[in-house]
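Chemist: I'll drop the sequence and a predicted model, then ask my questions.
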Protein chains: 2
Amino acid sequence: MTTQQKKYTSEKEYLKGYDIKDYDSFLVTVDVSIFTLVDNELHVLLVKRGDYPQKGKWALPGGFIQQGKDKNLHDAALRKLLEKTGVKTFHLEQVSTFGDAKRDPRGWSISTLYMGLIPHVPTAETSDSIEEAKWWPYEEALRKKMAYDHKKLMQEARERLKAKSGYTVLPMYLLKAPFTLTQLQQAFEELMDTTIEKKSFRRRIQAADLLEEVGEGLPEGGRGRMAALFKPKKGSCRHAFVRRFGSEE
Amino acid sequence: MTTQQKKYTSEKEYLKGYDIKDYDSFLVTVDVSIFTLVDNELHVLLVKRGDYPQKGKWALPGGFIQQGKDKNLHDAALRKLLEKTGVKTFHLEQVSTFGDAKRDPRGWSISTLYMGLIPHVPTAETSDSIEEAKWWPYEEALRKKMAYDHKKLMQEARERLKAKSGYTVLPMYLLKAPFTLTQLQQAFEELMDTTIEKKSFRRRIQAADLLEEVGEGLPEGGRGRMAALFKPKKGSCRHAFVRRFGSEE
DNA sequence: ATATTAAGTGGCATTAAGCCAATAATATTA
DNA sequence: TAATATTATTGGCTTAATGCCACTTAATAT
């Protein structure tokens, strides 16, 4: 007879008799699909699994929530990312949660997917001294056989990224300030997987008043007109445009 | 020594020695914030908790995932909703997942929040013969003391609903076909918590080609011009507008 | 016949993007 | 030194979509 069936007269008494081990056990994890740009090409960070199940397969960084360490899901995602890859992100958001009886051979599994963005970091900063982690071009990662349903998770995160790039300033998180408008546009174009009319883009960004000019920098090809340099204004990350850009409607 | 520490030579051998009970246990639940319109006012369905913890308090319908019954989260949400309230929804979508050490006194808890919409149903169909379930005006539910963090969950669902109503046809799910354009506009206005310019609304809906006309019906006040009646075209539920409506930007 | 009510539409203004080309500013080459 | 190539920035017209206010149409009640 479990606590559910016996009659209790107070919550205190109920909790006293409650034993969580009496109930179904679940595999409870977080997975992080973290993106950056390398030479204006979207890259995703994968780790090679060191243990069973699916030992040796590439996977999204993540893993089990540890009750002694993790106060909440977000903290768990940040900790797992750092632990598995050495990488720290300043933009992490929840995408969705996948839970079912079959996705993991060990049992009923529930995993909360996060996506993170970071500005490109030099290769040396990717921690190869921790579990084997590596940045892959996203298109290449798509062709890999990944552990579990992690390819599906990664694709889900990518779809979310693409959609949000049409009406938020999410791509801004892929750039280390300061940056030029050309670089910003290229980041938007890469995430949205489309080309954007230069005039339209610049007008939209300038109308939104998201950036402050911080100087001038050399043109990308080494010659040509100097470009203005910008950094985001405080609070600009929360901006949402009224119209979706690049819609194929 | 757990399976994590011992060296295995194959996945089969690893799984053979794996015992899920060796690991942290979690409370794994789903919660459903389901909405309808009653007299053009947003209502939410709550259930009064029949057991500890928080016995007697109003809460969102939901509860523990049962591994023997639930193949995945979505199924669990549908089953729990029906079980607790007798209500069946044809539009249910995941909102977000809340997980932390403190939200439930029994242990580390993770709950996946879904939101659902149904066309208004007569009161008699709300199942009072199952657990005590009742439709509340959303504004009134906001003033109630609810169990756990369910008020926060309900608000999160509401915010999502409001946002998506600006660029999708979500409000259409609150109406039983056939409906008039005036009724559709009122549904949009209630969800978006704003007024919409009649001409703009009609033009936008007609341009999107979402509806098919199925006759005429009496005007709402009992006199005045007959209104055209519509039902959604197949596939119209996936429509996304390029511009957000009712933005205060 | 007139007033009222509800649904539907006209048409101009405003906002935001699409498009193509032009200008400005720099380095390289002849 | 002038011409050319390259990159960044802007001009200005067109197109698309909404905002706004008023108007017309169509029905019922008085």
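Modeler: Structure's in. What do you need? Residues are numbered from 1 along each chain as shown, chains lettered A, B, ... in the order given.
Chemist: Longest helix of chain A, counting residues only.
Modeler: Longest helix in chain A by number of residues, with DSSP state H as the criterion: helix A:150-165.
Chemist: And for the residue most central in space within chain A, nearest residue in space, chain neighbours not counted?
Modeler: The residue lying closest to the centre of chain A (C-alpha atoms, centre = their mean) is A:M115, at 1.7 Å. Nearest residue to A:M115, sequence neighbours excluded (C-beta to C-beta, 6 or more residues apart in numbering or on different chains): A:A157, at 4.1 Å. Yep, even glycine has a C-beta here, placed from its N, CA and C like the rest.
Chemist: Could you pull up the residues touching that neighbour?
Modeler: By C-beta atoms under 8 Å, 6 or more residues apart in numbering or on different chains, the contact set of A:A157 is A:S33, A:F35, A:V95, A:L113, A:Y114, A:M115.
Chemist: Can you add secondary structure and give those residues back as CSV?
Modeler: Converted to CSV, the contacts of A:A157 look like this (DSSP: H, G, I helix; E, B strand; the rest coil):
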residue, secondary structure
A:S33, strand
A:F35, strand
A:V95, strand
A:L113, strand
A:Y114, strand
A:M115, strand
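Chemist: check contacts around A:D193.
Modeler: Taking C-beta under 8 Å, 6+ apart, one finds A:K162 in contact with A:D193.
Chemist: Next, give phi and psi for it.
Modeler: Per-residue torsions, A:D193: phi 60, psi 40 (degrees, to the nearest 10).
Chemist: Okay, now the unreliable bits of chain A?
Modeler: Along chain A, the parts satisfying pLDDT under 70 run over A:1-6, A:121-131, A:246-249.
Chemist: Where do the domain boundaries of it fall?
Modeler: What automatic domain parsing lists as the domains of chain A is A:26-164, A:167-238.
Chemist: Among these, pick out the one with the most neighbours on average.
Modeler: Comparing the domains of chain A by mean neighbour count (mean count of other C-beta atoms under 10 Å in any protein chain shown), domain A:26-164 comes out on top with a mean of 19.
Chemist: That one near DNA strand D at all?
Modeler: No: against DNA strand D, domain A:26-164 shows no contacts by C-beta under 7 Å from any atom of the strand, the least distance being 12.0 Å.
Chemist: can you give me the end-to-end distance of that domain?
Modeler: 32 Å (C-alpha to C-alpha, to the nearest Å).
Chemist: Is any residue of it near DNA strand C?
Modeler: No: using C-beta under 7 Å from any atom of the strand, we find that domain A:26-164 stays clear of DNA strand C, coming within 14.9 Å at best.
Chemist: just how off-centre is stretch A:89-108 within its chain?
Modeler: The chain centre lies 13 Å from the centre of stretch A:89-108; the measure is C-alpha atoms, centre = their mean, to the nearest Å.
Chemist: first vs last residue of it, how far apart are they?
Modeler: End-to-end for stretch A:89-108, by C-alpha to C-alpha: 29 Å.
Chemist: is any part of it close to chain B?
Modeler: Yes: Stretch A:89-108 is in contact with chain B by C-beta under 8 Å from any C-beta of the partner chain, via A:Q94, A:S96, A:T97, A:F98, A:G99, A:D100, A:A101, A:K102, A:P105, A:R106, A:G107, A:W108.
Chemist: isn't the third one right next to A:I110, touching?
Modeler: Just to be clear, that refers to A:T97. Yes: A:T97 is within contact range of A:I110, at 6.5 Å (criterion: C-beta atoms under 8 Å).
Chemist: For the residues of stretch A:89-108 next to chain B, work out which two are farthest apart.
Modeler: In those, the most distant members under the criterion C-beta to C-beta are A:Q94 and A:P105, with 25.6 Å between them.
Chemist: what sits against the spatially closest residue to A:Q186 that is not a sequence neighbour?
Modeler: Among residues not flanking A:Q186 along the chain, A:N40 sits closest, at 5.0 Å (C-beta to C-beta, 6+ apart). Contacts for A:N40 (C-beta under 8 Å, 6+ apart) come out as A:Q186, A:A187, A:E190.
Chemist: surely the second one meets A:V169?
Modeler: Spelled out, it's A:A187. No: counting by C-beta under 8 Å, A:A187 sits too far from A:V169 to count as a contact (10.0 Å).
Chemist: And the helices in chain A, which stretches?
Modeler: Here chain A has its helices, by DSSP H, at A:11-16, A:73-85, A:138-142, A:150-165, A:181-192, A:198-208.
Chemist: Please see if the fifth one touches DNA strand C.
Modeler: If I follow you right, that is helix A:181-192. No: shown here: helix A:181-192 not in contact with DNA strand C (C-beta under 7 Å from any atom of the strand), separated by at least 10.8 Å.
Chemist: What spatial separation is found between A:I34 and B:Q185?
Modeler: Distance from A:I34 to B:Q185, counting by C-beta to C-beta, to the nearest Å: 42 Å.
Chemist: swap in A:R106?
Modeler: 51 Å.
Chemist: ok, the closest residue to A:A76 other than its chain neighbours - contacts?
Modeler: Distance criterion C-beta to C-beta, 6+ apart; nearest residue to A:A76, sequence neighbours excluded, is A:D70 at 3.9 Å. By C-beta under 8 Å, 6+ apart, the contact set of A:D70 is A:A76, A:R79, B:A101.
Chemist: which one among those gets closest to DNA strand C?
Modeler: Closest approach between the contacts of A:D70 and DNA strand C, by C-beta to the nearest atom of the strand: A:A76, at 36.8 Å.
Chemist: Test my guess that that closest one contacts A:D31.
Modeler: No: in this structure A:A76 lies outside contact range of A:D31 using C-beta under 8 Å: 10.4 Å.
Chemist: ok now the longest helix of chain A, how far from the chain's centre?
Modeler: 9 Å.
Chemist: What angle do helix A:181-192 and it make with each other?
Modeler: 130 degrees (axes from the mean of the first three to the mean of the last three C-alpha atoms, to 10 degrees).
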